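> Let me see the structure of the following:
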Amino acid sequence: MAFRKMEDEGTLPGPRALLICGYSEEERESMESYLSEIHIGDLNMIPYRFDAMEQKVGDVLAGSSQGEIIGAEKLPPVMVWAGIGHDELDRALKGFQSTGLKRPIFATATIPNMDFTVKELLNHLLSEQKSMREAMNQSE
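As a prediction, the model looks like this:
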């Protein structure tokens with residue numbers, strides 16, 4: 001996966017949803033409040049669940065996962081945004097620091113990653129994060 005600049009206009013693929021892991025229920029509620037404050041209150045917040053790991057990202061974003069929520073301590077903080085306008089995403093990310101939540105790996109739904117399993121997507125994101133950290137450490 002590679003980073004690409006988003007156009008100012010447009011919408012991310014998938015249903016209006018935020019797939020989120022590595023946060024407690026209280027922290028997820030705090031995120032919901034933040035989104036409501038910045039007028040992105042109609043986003044379906046989907047916590048990572050045990051039965052989602054082998055399901056496709058697109059299916060999980062559509063609400064197919066109903067199993068037990070994976071505890072915040074078991075996974076790194078990750079947020080996968082889908083179905084929202086690029087301007088909404090920009091607004092959410094610009095003010096994220098004001099939530100007081102630990103910074104997650106931010107990712108967006110793409111046509112290709114909608115067919116990944118949640119487990120595959122998490123592995124890709126963690127691998128990219130590790131590569132970026134190593135590159136940053138080498139440049140210092």
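
> Which helix or strand contains Val60?
helix 57-61 (DSSP states H and E).

> Next, the buried residues of that helix.
Under the neighbour-count criterion of 16 or more other Cβ atoms under 10 Å, helix 57-61 has Val57, Gly58, Val60, Leu61 buried. Bear in mind the C-beta positions are built from the backbone N, C-alpha and C, glycine included.

> swap in stretch 109-119?
Buried-residue list, stretch 109-119, by 16+ other Cβ under 10 Å: Ala109, Thr110, Asn113, Met114, Phe116, Thr117, Val118.

> just stretch 21-40 next, same as before
Buried residues in stretch 21-40, counted by 16+ other Cβ under 10 Å: Cys21, Gly22, Tyr23, Glu27, Arg28, Met31, Glu32, Tyr34, Leu35, Ile40.

> Please identify which of those is nearest to Asn123.
In terms of Cβ to Cβ, no member of the buried residues of stretch 21-40 lies closer to Asn123 than Cys21, at 13.0 Å.

> How about the contacts made by the closest residue to that closest one other than its chain neighbours?
Excluding the flanking residues, the one nearest Cys21 by Cβ to Cβ, 6 or more residues apart in numbering is Tyr48, at 3.6 Å. The neighbours of Tyr48, taking Cβ atoms under 8 Å, 6 or more residues apart in numbering as the test, are Leu19, Ile20, Cys21, Ile69, Ile70, Leu75, Val78, Val118.

> If anything else comes up later, I'll come back, but that's it for now.
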